[in-house]
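Asks: What would the 3D arrangement of this be:
(chains A and B)
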Number of protein chains: 2
Amino acid sequence: MRPSEIGEFGLIERIRLASARASGRVPLGIGDDAAVVTQRPGRQILFACDAMVEAVHFDPRYVPAESLGYKALAVNLSDIAAMGGEPLCALSAVGLTDRWSVEDVEALYRGMARCGDRYGCPVAGGDTVRSPAAAFVSVSVLGECAAGSEIRRSGARPGDLLCVTGELGGAAVGFEALSRGADPGRFPVSTARFLEPEPRLSEARRLRGALRPTAMIDISDGLGSEIRHLCGRSGTGCILFEDRVPVSAEAALWAGLSGRDALEFALASGEEYELLFTAGPRSLEAGPPEGVTVIGEMRPAAEKCTRVSATGVRRPLAASGWEHYAGGSKTHG
Amino acid sequence: MRPSEIGEFGLIERIRLASARASGRVPLGIGDDAAVVTQRPGRQILFACDAMVEAVHFDPRYVPAESLGYKALAVNLSDIAAMGGEPLCALSAVGLTDRWSVEDVEALYRGMARCGDRYGCPVAGGDTVRSPAAAFVSVSVLGECAAGSEIRRSGARPGDLLCVTGELGGAAVGFEALSRGADPGRFPVSTARFLEPEPRLSEARRLRGALRPTAMIDISDGLGSEIRHLCGRSGTGCILFEDRVPVSAEAALWAGLSGRDALEFALASGEEYELLFTAGPRSLEAGPPEGVTVIGEMRPAAEKCTRVSATGVRRPLAASGWEHYAGGSKTHG
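Replies: Predicted coordinates:
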C-alpha cells in the first residue's frame, strides 16, 4: 500500500500503533510539540544522535526495514552504554522515498520499538518526512547516569590496561556476506550482528561495578581507529598485543576463505558495537571478568599507538577502519 | 574547497570551530560518545526533533547554508517554546551531498551556532554523514520546564479564548518571493521570517506568567491546520472570527498583487512559528497583552471547527496548510 492511499493522518496512526509504548519516565510522547521526560534526583542527562543513510550506511536490497529500525536505535543505545549510562527514551527523524510502502514504514517503526522494548528505551515520537532520493533514519536518544559519573573517552592514564568486550570481526563478515550474496545461514552470528547489533548496556553496567573503567568508547569505526580515538582524547599512547585481539570464529573462517589475515580483518571491522575501555591494573588483578579481554596497555603519549606481534615485532597502529565517508565526521554527541 | 581535501579530521575541526560554545549546563559536548547535560532540581526535560530535507523543505538555490543552519535549530526551539519551556542544548545530524564545499559546511554550522547563541541553546555536537542525492539537517533539542508545568496541546476547554502571537502570512510571502525570483528587498520582513524564523521563546515566557495558557502549539503547518490540531487533541470544537486574524502588511500586499484573498493566504501560510494558544476568558478580561490577538473561542466538540465572517456567515474551517509531503507525518516530539 502507498502512503498516499491512507494520507498523512492514516500514516501517523500506523506509526503510532507500531511505536506506542508506555513508560513511567515519559508521561507525554507522540502527539505534542515535544516529549516530556521526568528527572530523577542526583542524575544527569546523556544526549546522543546518529544517522543512517541509504546507499551510505545501509542498502535496502539486503537490509530489511525492520532491521534498519532496530539498528538505528541500537547504535544510539551503544553511545549511551559507552558513557556508562542507562537509556531513557528516543526520538526519530525518518526521511522516506517514494519507494517505501506503508508496510515498510510499519516494519521500520516496529523494529525500532522492538529494540526499545528490549533495552527499556521507548521511542517517544519524531518527525517523518519525504526524502527525494535516499531514505535516512536519524535517531536521537536520552540516557542518564549519576551526576558526574559519565565515563569519558579522555580518562585513560599510562599504566591502565586496554580491554574489549566480546569478539570482533563479525559485523564485517555480515556486511560482506550479505552484500555479496553469500548464504547468510553459514554466518548466522555475524549476519545478526550486522543487521541488528546489540548495544552492550548490561555489560557496561557490570563493568562499572566490577572494574571502574577510566575511559570507554564503543567500536563503530573499527578497533584500530577507536584505540587511536581513545589515546588521542586521553593524551596517551598505547601498546596493542596483536595475539590478544579476540577474533570471532566466523571472522577467522571468512577471512581465511577470502585469503585475508584474520587479525587485520578484525582490526578494520566497524559497526561492532562492542566496548573498548581502560581500567587500572589493580582492578584487573584477579583477571578480567567473563566476556572481557585485556588487549593492551596505555603508555605515555611519546610512545604513540604501537602494535606488537607475538614475536615482538613493533609497528605503528594504523586507523584502518570502516569509513562510510571520506569527508564525513562524527563530532559528537 | 572540497571536504576530501582536508579529510575527516580537518572537517571535524572546522565544524568544531564554527560550533563550539561553552555552557555551564553542558559540561561535555563535542568529542565524546554523548553530550552530558546537568539537571536542575524540580525541573523536567522536554525533547523534540525536526528534520529539513533538500527539495522538500529547502532549496539551496535561494536558501543560503547559513540560514538553513539557523532555521534548522530555530524550528526546534519553536517546539520548546510551544511547550512553555526553556532551551538547554541541541544535537544535529547533517547529511551532506558531494555538492557541499567546506565553506558551505562551515556556514551551516555557523548559522546553527548563531541561532543557539541568540536563544541560549548550544549545539553540543552531532553526526555529519554523506547523503547521496539530497542534503538534510535533522536537529534534536532538549529543553526544560518546572516539573508538571508543560503546556500541552490537549488542555483547551470550551469557553477558553483562542489567541495567536504576531502577524501571519509572512513566511508564505518569503517563500513565494524567493522561489519566484521576486525582489526580496520589497518584502524584507517576510523574507527574513522565511529564511531565519524567530522562535517565540520570550513571548512564551511572558504568556506563561500573564495568561496561563491552557493549551499551546506552534504554527508550522498553517493556522487553519494548527487550530484543527489543537481542537482534535483537546476534544473540542471552536469558532474562528475571520476578521480578527492578524494578517501582516506584506502578506496583504503580496496576496493583493497576485489576486488572492489575504485571509485565505494567511490561514494557509506554514512555517510561521508564531504561537497559537488558548486561555481562560478571565485572564484576558483586561484585554490581550501587546503582540497577542484573540481570534476565536473554544466550543464543545459537537460544534466542530467553524469559521465566521464579519457578516456572520458560518462555514467549516478546513485544514488548508503547508503540506511538505502528502504522505508525511509529524508524530511527536
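
Asks: helices and strands around the helix or strand residue A:107 falls within, which ones?
Replies: Using DSSP states H and E, residue A:107 sits within helix A:102-119. For helix A:102-119, the elements it packs on are helix A:3-19, helix A:65-82, strand A:86-96, strand A:123-130, judged by 3 or more CB pairs under 8 Å, 6 or more residues apart in numbering or on different chains; DSSP states H and E. Where C-beta positions appear, they are placed from N, C-alpha and C, glycine not excepted.

Asks: The shortest one - which strands sit beside it in the sheet, and in what orientation?
Replies: What that stands for is strand A:123-130. Sheet pairing of strand A:123-130 (DSSP bridges) gives strand A:86-96 (parallel), strand B:329-330 (antiparallel).

Asks: Out of those strands, which one sits most buried?
Replies: When you average the neighbours per residue for each of the strands paired with strand A:123-130 (mean count of other CB atoms under 10 Å in any protein chain shown), strand A:86-96 leads with a mean of 27.

Asks: and the angle for that strand with helix A:3-19?
Replies: For strand A:86-96 against helix A:3-19, the angle by axes from the mean of the first three to the mean of the last three CA atoms, to 10 degrees is 170 degrees.

Asks: coming back round to it: compare the mean pLDDT across the strands paired with strand A:123-130 and name the weakest.
Replies: Here the lowest mean pLDDT among the strands paired with strand A:123-130 goes to strand B:329-330, at a mean of 42.

Asks: that older thread, out of the strands paired with strand A:123-130, which gets nearest to residue B:89?
Replies: Proximity of the strands paired with strand A:123-130 to residue B:89 was assessed by CB to CB; the nearest stretch is strand A:86-96, lying at 14.6 Å.

Asks: and the angle from the closest one to helix A:102-119?
Replies: Going by the same axes, to 10 degrees, strand A:86-96 makes 170 degrees with helix A:102-119.

Asks: ok now strand A:86-96, how far from the chain's centre?
Replies: Averaging C-alpha positions (CA atoms, centre = their mean, to the nearest Å) puts strand A:86-96 14 Å from its chain's average.

Asks: what number of residues lie near the closest residue to residue A:244 other than its chain neighbours?
Replies: Of all residues not flanking residue A:244 in the chain, residue A:295 sits nearest, at 4.5 Å (CB to CB, 6 or more residues apart in numbering or on different chains). Residues near residue A:295, counting by other CB atoms under 10 Å in any protein chain shown, number 22.

Asks: Doesn't residue A:295 lie inside a strand?
Replies: Yes: assigned with DSSP: H, G, I helix; E, B strand; the rest coil, residue A:295 falls within a strand.

Asks: wait, what's in contact with it?
Replies: By CB atoms under 8 Å, 6 or more residues apart in numbering or on different chains, the contact list for residue A:295 reads A:162-164, A:240-241, A:244-246.

Asks: Sticking with the closest residue to residue A:247 other than its chain neighbours, tell me its helix or strand.
Replies: Setting aside the residues directly before and after it, residue A:247 is nearest to residue A:266 in space (CB to CB, 6+ apart), at 4.4 Å. Following DSSP H and E, one finds residue A:266 within helix A:262-268.

Asks: Report the separation between the residue of the stretch 101-250 of chain A at minimum distance from chain B and residue A:164.
Replies: Residue of the stretch 101-250 of chain A nearest chain B, by CB to the nearest CB: residue A:125 (2.4 Å). Residue A:125 sits 35 Å away from residue A:164, going by CB to CB, to the nearest Å.

Asks: Grab the nearest non-local neighbour of residue A:318.
Replies: Among residues not flanking residue A:318 along the chain, residue A:224 sits closest, at 5.9 Å (CB to CB, 6+ apart).

Asks: mean confidence for stretch A:211-228?
Replies: Average pLDDT, stretch A:211-228: 96.

Asks: and that stretch, how far from the chain's centre?
Replies: Chain-centre distance of stretch A:211-228: 11 Å, with CA atoms, centre = their mean.

Asks: now stretch A:225-235
Replies: 17 Å.

Asks: Now do the buried residues in that stretch.
Replies: Neighbour counts over stretch A:225-235 (16 or more other CB atoms under 10 Å in any protein chain shown) mark A:225-234 as buried.

Asks: Could you do stretch A:135-147 as well?
Replies: Within stretch A:135-147, the residues scored as buried using 16+ other CB under 10 Å are A:135-145.

Asks: Need the max-distance pair from those.
Replies: A:135 and A:145 (32.9 Å).

Asks: Up against chain B, what does the stretch 51-200 of chain A have?
Replies: With the criterion set to CB under 8 Å from any CB of the partner chain, the stretch 51-200 of chain A comes near chain B through A:51, A:53-57, A:79-80, A:82-83, A:85, A:89, A:91-93, A:95-96, A:124-134, A:136, A:138, A:140, A:142-143, A:147, A:150, A:152-154.

Asks: what about the spatially closest residue to residue A:134 that is not a sequence neighbour, how many neighbours?
Replies: Nearest non-adjacent residue to residue A:134, counting by CB to CB, 6+ apart: residue A:54, 4.0 Å away. When neighbours are defined as other CB under 10 Å, residue A:54 has 22 of them.

Asks: do the same with residue A:222
Replies: 25.

Asks: Provide the backbone phi and psi angles at it.
Replies: Backbone geometry at residue A:222, expressed as degrees, to the nearest 10, gives phi 110, psi 140.

Asks: Equivalent analysis for the one 5 residues further on, please.
Replies: The phi and psi values for residue A:227, taken as degrees, to the nearest 10, are phi -60, psi -40.

Asks: Could you list the low-pLDDT ranges of the stretch 1-150 of chain A?
Replies: A:20-23 (pLDDT under 70).

Asks: give me that answer again for 80
Replies: Applying pLDDT under 80 to the stretch 1-150 of chain A flags the ranges A:3-4, A:6-24, A:27-31.

Asks: what does the stretch 151-300 of chain A give?
Replies: For the stretch 151-300 of chain A, no range has pLDDT under 80.

Asks: Alright, that wraps it up for me.
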